[in-house]
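Provided below are the primary sequence and the corresponding predicted coordinates.
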Amino acid sequence: MDDYYLVYINIYGPNFKKERIYEFIFNDTLEAYGEGWDSAPANGNPEVPYPQYIKKVGVFNSDSINLITSLRSTIFGMGDILDNIIALAWSDNENEQNRLVFHYGETLQSVSDKLYAHDITLEFKQSIDFLV
């Protein structure tokens, strides 16, 4: 598997099935930037990275997993996420034995392994050519 690095997690939903939709965005380098990434605190301002920083996008839906993202933090900013001071996203179930936690720059393999442990696989969009 080529090296891809997690740079952003988009959270949508719930949809009509009461599922949350998670979009994991990867780049082939640790570099990424987007509108609002300088906001401190984040306050929901950091938007999806600019298209040149998006190389792979994996998606999954879930009605049982609820990820919290630090992109909406009123304390931390994107700089804190980039420095791994705080995770990019984590599951809200503190009692979960194998709690999901995702950090900026985590490899695609690491993200896939964590999700697989919860019987989840990312579905990758065939083409992101429209983004570039």
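Yep, it's here.

isn't Tyr53 right up against Ala32?
Yes: here Tyr53 lies in contact with Ala32, judged by C-beta atoms under 8 Å, at a distance of 4.1 Å. All C-beta atoms are positioned from the backbone trio N, CA, C, and that covers glycine.

Could you check which of these two is surrounded by more residues?
Just comparing Tyr53 and Ala32: by other C-beta atoms under 10 Å the higher neighbour count belongs to Ala32, 23 against 19.

could you list every residue that touches Val101?
Contacts for Val101 (C-beta atoms under 8 Å, 6 or more residues apart in numbering) come out as Ala87, Ala89, Trp90, Ser91, Lys114.

nearest to Asp63, of these?
Within the contacts of Val101, distances to Asp63 taken as C-beta to C-beta reach their minimum at Ser91, with 13.5 Å.

per-residue confidence for the nearest residue to Asp63 once chain neighbours are set aside?
Counting by C-beta to C-beta, 6 or more residues apart in numbering, the nearest residue to Asp63 once its immediate chain neighbours are dropped is Glu19, at 4.6 Å. Predicted confidence (pLDDT) for Glu19: 92.

One more: Asp2?
Asp2 carries a pLDDT value of 67.

Over to Gln97?
Gln97 carries a pLDDT value of 76.

Report the separation between it and Ser91.
If you measure Gln97 against Ser91 using C-beta to C-beta, to the nearest Å, the figure is 11 Å.
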